[in-house]
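Participant: predicted model and sequence follow; I will ask about them next.
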Amino acid sequence: MEQKQVKDLTPEEQAQQENIQWQRTCFQNAQKHLAEKGVMPKSLFEKESRFIAPLCALWKFKAQDGKNYWVITGRLPTDHALASAAENARDALRYFSFQWQLKADQLLETAGNDKTSVDFANLLVNRAHGLYEMYEKEELWVNEPK
């Protein structure tokens, strides 16, 4: 029996494969997050979803309850919001940035000496700043519908 030769991937092909795997993992995390929150995804608005690999992905889902949701996943806390909170992926990024700053403030007000809460609040602040920086980078949004 002849053994099939496996072609070595070029660096570009390897990067593409990693990007596809990253998107798949983010998509699964987004679906899992919604399900854990009692929201059953029905379909995805692919054209409105955005990927800023390897940092974050913004997904727009239609749920079985008829509502639409933005979900953010990646190297940050996974979160969701009703799609009415933002007109497009760029605005959703800004929305999550502001929401995380508010959540962090609330956590810090009530955390006291709870190191876990303080650490999570600091993580939220850090990621919120990063999201806002991405929101402001025009080159990331050149293809975004106005």
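Facilitator: Received it, and whenever you're ready, just let me know what you need. Numbering: from 1, shown residues only.
Participant: partners of the helix or strand containing residue 69 in the sheet?
Facilitator: In this structure, residue 69 sits in strand 68-74 according to DSSP states H and E. Paired strands of strand 68-74, with direction, are strand 56-63 (antiparallel), strand 79-82 (antiparallel) (DSSP bridges).
Participant: point out the most buried one among those strands.
Facilitator: Scoring the strands paired with strand 68-74 by mean neighbour count under mean count of other C-beta atoms under 10 Å gives strand 56-63 as the most buried, with a mean of 22. Using the backbone N, CA and C atoms, a C-beta is placed for each residue, glycine as well.
Participant: now it: mean pLDDT?
Facilitator: Averaged across strand 56-63, pLDDT comes to 96.
Participant: how about stretch 74-91?
Facilitator: Stretch 74-91 comes out at a mean pLDDT of 96.
Participant: renumber starting at 45 from here on
Facilitator: OK, 45 is where the count begins now, so the last one is stretch 118-135.
Participant: over to that stretch now: how far is its first residue from its last?
Facilitator: 17 Å (C-alpha to C-alpha, to the nearest Å).
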